[in-house]
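Undergrad: only the shape, not the letters, is given here:
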């Protein structure tokens, strides 16, 4: 492990731990820390050679936050907990398919909706009245739409570029 990888991993672990005590604030910190590995990769030079395989590193260190989110979601009851367990399992399956089989498309077809559900439940319980089902639906729809757009940008566009499908689409359009 390079020094840069150790720093980025330590930040992601450190910022994931508050989730266990303060779930919503901790989740926001953890999600922000997840973006810090890119900053470390691109702007920090500790003489260790940087982050060697970013995608592998990112998926493994994402587990810090995912596991803390999962542990908190196990405290929930009923439908909230059941949905969290299913979405966590699907995310782990997506990560496994990506790592073991090299299927980048698994990350697009099994997006991290677990994290989205986690945020939705916490925000809903903290700020959305129980007698506002329309507001609850709008919150969930907005969070899911944002996450799916993010997954598209991060994974599907890279798949298209990898296979030069954008060039094929341009030819089909006559450009």
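TA: It's in. Small disclaimer: the values here were computed from a predicted structure and weren't measured. Residues are numbered from 1 along each chain as shown.

Undergrad: for this protein, what's the longest helix?
TA: Looking across the chain with DSSP state H, the single longest helix is helix 78-101.

Undergrad: touching that one from outside, list them.
TA: Contacts with helix 78-101, where a contact means C-beta atoms under 8 Å, 6 or more residues apart in numbering, come from 55-56, 59, 62-63, 66, 69-70, 73-74, 76, 103-104, 106-107, 109-115, 117-118, 121. Just so you know, the C-beta spots here come from the backbone N, C-alpha and C atoms, and that holds for glycine as well.

Undergrad: helix or strand right after it?
TA: Next in sequence after helix 78-101, counting helices and strands by DSSP states H and E, comes helix 105-109.

Undergrad: quick one: buried residues of that following helix?
TA: Applying a neighbour-count criterion of 16 or more other C-beta atoms under 10 Å, the buried positions in helix 105-109 are 106, 107, 108.

Undergrad: could I get those residues in CSV, plus columns for pLDDT and distance to residue 16?
TA: Written out in CSV, the entries for the buried residues of helix 105-109 read as follows (pLDDT from 0 to 100; distance: C-beta to C-beta, whole Å):
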residue, pLDDT, distance to residue 16
106, 79, 23
107, 79, 20
108, 78, 24
